[in-house]
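>>> okay, predicted coordinates and the sequence, questions at the end:
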Amino acid sequence: MKVALVGYGKMGHMIERAALARSHEVVCTVDLFASDATCITSDSREMIDAIRSSGAQGVIEFSHPASVMNNIQTLIPTGIPLVVGTTGWKYRLEEVSELVALNKTALLHASNFSIGVNLFYRMVREATRLMAAYEEYDTALFESHHNQKADSPSGTALDIARIVMDGNPRKNTLVTDAFTRKPESNELHLSSVRVGAVPGTHTVWFDSLADSIELTHTARNREGFAMGAVRAIEWLSALDGDGKKKLGVYTMDDVFDC
């Protein structure tokens with residue numbers, strides 16, 4: 001298929017290599033600054049014209065939290081299936097979902113496209129279900145990423161926090177700042193570190209006086225994220241089980257459950 005990339009930094013280049021490895025054609029690359037992008041612009045109309053004229057059948061957006069909402073609002077009206085990997089905009093998901101429905105198109109978003117991470121979500125969900133029955137176990141989260149990452153905590157960590165709070169009713173308040181007091185028992189603490197070139201590490205602790213259980217996912221590189229994004233646009237662009245094009249808002253759960 002013909003793919004357009006919005007955001008052509010390190011991740012965009014990795015996605016391009018992954019798309020080519022799966023025999024796709026990258027027909028348009030859009031970025032604000034990348035000198036090797038086919039369209040260097042901050043103008044929404046220029047971006048749309050470039051993508052439409054390229055004949056793209058799917059768009060993958062990996063840009064920056066500061067520009068992602070403008071990109072989403074610009075790209076949805078094209079009707080081209082859109083995969084969004086940039087984080088920091090989920091608080092506006094309802095607004096985006098309405099725009100997708102209005103334009104009768106499809107959007108898939110995820111904080112993390114890694115196969116391993118999406119399996120890790122399932123492990124955390126089941127572990128939380130098991131541990132919730134035992135009040136002596138407290139729970140906390142930790143994540144670390146490279147020092148070029150623009151947001152904190154990571155979207156993946158926030159997804160993990162939601163999974164834990166959904167599965168354990170005793171944890172109903174998320175705290176991402178440092179504590180200057182004793183934490184309350186209902187608070188789930190999520191701490192973040194930004195350092196060096198760490199691709200991404202996420203840990204869930206279940207801790208008691210008797211012992212401690214840790215679940216950790218450690219990414220070795222970002223190639224897995226890129227390949228997952230390509231698989232996501234393949235799935236989103238394919239017809240559904242009834243032979244119709246997909247409409248609506250999806251996540252990687254839909255890809256893994258098919």
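Arrived safely, thanks for sending. Quantities reported herein were computed from a predicted structural model and do not represent experimental measurements.
>>> going forward, measure contacts and count neighbours with C-alpha atoms only.
OK.
>>> just the buried residues of stretch 159-176, please?
Neighbour counts over stretch 159-176 (16 or more other Cα atoms under 10 Å) mark 160-165, 167-168, 170-172, 174, 176 as buried.
>>> number of residues surrounding the residue lying closest to Glu136 once chain neighbours are set aside?
Counting by Cα to Cα, 6 or more residues apart in numbering, Ser208 is the residue found nearest to Glu136 once chain neighbours are left out, at 5.7 Å. Ser208 has 14 neighbours, counted by other Cα atoms under 10 Å.
>>> thinking Ala161 is in contact with Leu141, fair?
Yes: assessed by Cα atoms under 8 Å, Ala161 is found in contact with Leu141 at 7.4 Å.
>>> what residues are shared contacts of these two?
Common contacts of Ala161 and Leu141 (Cα atoms under 8 Å, 6 or more residues apart in numbering): Leu188, Leu190.
>>> was I right to think the residue nearest to Glu136 contacts Glu135?
No: taking contacts as Cα under 8 Å, Ser208 lies outside contact range of Glu135: 9.1 Å.
>>> which residues do the two both contact?
Counting by Cα under 8 Å, 6+ apart, Ser208 and Glu135 have no common neighbour.
>>> and Ser111, helix, strand or coil?
Using DSSP: H, G, I helix; E, B strand; the rest coil, the structure places Ser111 in coil.
>>> helix/strand/coil for the residue sitting furthest away from the middle of the chain?
In the chain, counting by Cα atoms, centre = their mean, Ala210 sits farthest out from the average C-alpha position, at 35.7 Å. Recorded secondary structure, Ala210: coil (three-state DSSP).
>>> what about it, distance to Asp138?
Separation of Ala210 from Asp138 (Cα to Cα, to the nearest Å) stands at 12 Å.
>>> one step back: show me the contacts for the residue nearest to Glu136.
With Cα under 8 Å, 6+ apart, Ser208 has these contacts: Glu136, Tyr137, Asp138.
>>> repeat that with 10 Å
Ser208 is in contact with Tyr134, Glu135, Glu136, Tyr137, Asp138, Thr139, counting by Cα atoms under 10 Å, 6 or more residues apart in numbering.
>>> from the residues you listed, pick the one nearest His13.
For these, the closest approach to His13 (Cα to Cα) belongs to Thr139, at 37.4 Å.
>>> next, that closest one: secondary structure please.
Taking three-state DSSP, the label given to Thr139 is strand.
>>> quickly find the element holding the residue lying closest to it once chain neighbours are set aside.
Distance criterion Cα to Cα, 6+ apart; nearest residue to Thr139, sequence neighbours excluded, is Phe206 at 4.7 Å. Taking DSSP states H and E as the definition, one finds Phe206 inside strand 201-207.
>>> likewise His64?
If you go by DSSP H and E, His64 is not part of any helix or strand.
>>> look up the closest residue to it, ignoring the ones flanking it.
Thr86 (6.2 Å).
>>> quick one, what contacts that neighbour?
Counting by Cα under 10 Å, 6+ apart, Thr86 makes contact with 7, 60-69, 109-112, 151, 155.
>>> how about a cut-off of 8 Å?
Glu61, Phe62, Ser63, His64, Pro65, Val68, Ser111.
>>> kindly report the same for Ser111.
Gly85, Thr86, Thr87, Ser154, Gly155, Thr156, Asp159.
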